[in-house]
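Asker: Quick one, structure for this:
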Amino acid sequence: MHKFIQPTILIALLALPAWAEEVAPDNIVADTYANIDIYATAQTEPYASPKAIEPKLVAPALLTKPVQVALPSLSREDNAALHLSILRDEVDSMTQVGFFGSLFSANEELQRALMQDIELFLTIYSDLSITADVMLLKGEMFAKQNQPEAATAAWLQTMYEFPQTDAARQAKEAVLDVIENDWDDAAETIKPILKNVPAKDIASRLRELINQLYPINDKEMVASLTLLQLDFLKRFSDDIHADEVQVLLAHNMGAESAESGVFGFKKLLALYPNSHYRPEAMLAIADLQRLRLKEYEKAAANYQVLIKEHPEHKLAKHAYENLALTQAQHLKQYAEAIVTNTKIVELYPEDKMSIKALQDMAKLQEKKTDEPRKAVVSLRKLATMFHSYEATDALADAIKIADKKLKDNALAFEVRQQLVRDYPNSDDAPKVLFAMAEYMESLNDSGQATDLYNQLLSQYPDHKLAAKVRKQQATK
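Answerer: Sure, this is the predicted structure:
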C-alpha cells in the first residue's frame, strides 16, 4: 500500500467542495500544492507548530483526482540513528552550566526536553546497540549541567550494560576524568568498579553495579542510584534477585523520606513473600516509625511481628533491644520493658546487649516500679555474667541501693564480699575491703574486722588505705 502525502495536505484536499469533479491540468494541481506551505509560520524555530492554513480552492474545472505521494520508508534502526543524530547535535550545542548552575542557564527548558527525549529513546530502542551511545550522551548532559555524580552513574551504567562497545570505552575515560578532577572524594570507591565488568547477563551486571554504588554516602549519588534501581525494577521485575534491589531502593527512599522508606519496605513485604530480606524490611519499618515518625505504638507492634515471625534471625535481637527501649522511654510501659529485657538476657546471655538489658532493668526496678531489691539482684547478676568494668560498676551501684535505699547492711556486706572475691584487681576492691572491716568494727566484731584489715594489708600493701591501717594498728 502506498503512503499518502502529509495529513495537512490531505485535510486541504478533503476540504474541497463536493461539486468539484472536473479534471484540471497537471501543472495547475502542482501550483495548488505549491501554495499550501505547512511550514510558513515556523520562521526560525524548526519545531514550531504551524498555524492553521486555509487551503486555496480552485475552480471546478481545474480539479483532478487525489494525488498519492509515496514517502520513503525508514527502518527502525534508521529511525534510531536519526533520533540519535538530533540528540547529539543539540547536546553538543549546549554550553556548560557555570558555578551558579541554572541561574545563568538560558536553556533550562531545552535541557529538560532533551533529557525526556533521551529517556524516551532508551525506552523505545532498549534492544538496539545504538542505545549505548545515547546512554553515553545522557552522561554528557549531566556533566554539562555540573552534576558529576549523575554523570558518573550514567556512564557506569553504559559500561555495565554495553561492556564491549566503543561507548563503554568512552564512558570509562569520562568517569576517570570526573573522579580525578570534579569528584575525587569518590575515587577509592569508583576505581574498583571500573576494573572488571563481570561477564554475566545484563540484569546481573546492573545488580552488581547497584551493590557497588550503594555504600557511597553522597546525596546526589543516592538520587542517581535510586533512579538506576527504579530502572532495574521496571525492566527486570521478574529477576530472581529483584528483592535485593527493592530493599536497597527502600533504604535510599528512607534516607530521603521516612514515609517513602516505610512504603518501599512494605512493598518488598507485599511483592516478595519468600524474600530473605523480610526481617530487614520489618526492622527498618519499625525503626523509621520509632526514630523519625515518632509512631511508637506502631513501631512496638512491628518489632513484635519480627520477633514472632523470625525468632531465630540475627535481627530478632535488635528487635528485642529496640522494643525494650520503645516500651521504657516512649510508651512508659515499664513492666513490659522489664519483661522484654529479661527475655534478652535469657536468649542472648553472652551478648553484650545483655549488659545493657540488665542495667536498664535495674534502673526501672529501682526508679519506676519501686522494686529496689530486684534491682540489686539484676546488678549482681550482671556482675556474675560479665567480668568487665561494667560488672564492678554494677556491684558499686548495688551497694549504694542496699546501703541508702534498702538500709540493709547485711545485703550491702554480702555484695561487697562478692566484689572483693570476684574482682580483687579492681580499683574498688581495696576501698570495699576497708569499708567491710569498718562495718565489722561497728558491730563490735573485732576479730572479723582484724581479719579484713590484714587481708587489705596482704593484698594491697602499697595502697594508701593499707598505710592508714598500719598507722591505726601502730597506735593501738
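
Asker: Only C-alpha atoms from now on, for both contacts and neighbour counts.
Answerer: Noted.

Asker: measure Asp243 to Ile307 for me?
Answerer: Going from Asp243 to Ile307 by Cα to Cα, to the nearest Å gives 21 Å.

Asker: can you check Ile124 too?
Answerer: In terms of Cα to Cα, Ile124 sits 46 Å off from Ile307.

Asker: what do you get for Leu84?
Answerer: Leu84 sits 54 Å away from Ile307, going by Cα to Cα.

Asker: Among these two, which residue is more densely surrounded?
Answerer: Between Leu84 and Ile307, counted using other Cα atoms under 10 Å, Ile307 has the larger neighbour count: 22 against 19.

Asker: Find the nearest non-adjacent residue to that one, please.
Answerer: Using Cα to Cα, 6 or more residues apart in numbering and skipping the chain neighbours, the partner closest in space to Ile307 is Ala316 (5.4 Å).

Asker: so what's the one you found up against?
Answerer: 279, 306-307, 310 (Cα atoms under 8 Å, 6 or more residues apart in numbering).

Asker: Please indicate which of the residues you listed are buried?
Answerer: Buried subset of those (neighbour count, 16 or more other Cα atoms under 10 Å): 279, 306-307.

Asker: Now tabulate these in JSON lines and tack on secondary structure.
Answerer: Listed next are the buried ones among the contacts of Ala316 as JSON lines, based on DSSP: H, G, I helix; E, B strand; the rest coil:
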{"residue": "Pro279", "secondary structure": "helix"}
{"residue": "Leu306", "secondary structure": "helix"}
{"residue": "Ile307", "secondary structure": "helix"}
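
Asker: Nearest to Asp177 among those residues?
Answerer: The closest of the buried ones among the contacts of Ala316 to Asp177 turns out to be Pro279 (Cα to Cα; 41.0 Å).

Asker: buried residues in stretch 359-367?
Answerer: 359-366.

Asker: Let me fix that, I meant to ask about stretch 432-451.
Answerer: Neighbour-count burial for stretch 432-451 [16+ other Cα under 10 Å]: 432-440, 448-450.

Asker: Now render these as a markdown table, adding distance to Ile216.
Answerer: Shown next, in a markdown table, are the buried residues of stretch 432-451 (distance: Cα to Cα, whole Å):
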| residue | distance to Ile216 |
| --- | --- |
| Val432 | 52 |
| Leu433 | 55 |
| Phe434 | 57 |
| Ala435 | 56 |
| Met436 | 58 |
| Ala437 | 61 |
| Glu438 | 61 |
| Tyr439 | 61 |
| Met440 | 64 |
| Gln448 | 66 |
| Ala449 | 65 |
| Thr450 | 66 |
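
Asker: Okay, and which of those map to helices?
Answerer: Taking DSSP state H as the definition of helices, the buried residues of stretch 432-451 contribute 432-440, 448-450.

Asker: What is the nearest of the residues you listed to Ile344?
Answerer: For these, the residue nearest Ile344 by Cα to Cα is Val432; the value is 31.1 Å.

Asker: Secondary structure element holding the residue nearest to the closest one when sequence neighbours are not counted?
Answerer: Take Val432 and drop its neighbours on the chain: the residue closest to it by Cα to Cα, 6+ apart is Arg416, 6.0 Å away. Using DSSP states H and E, Arg416 sits within helix 409-422.
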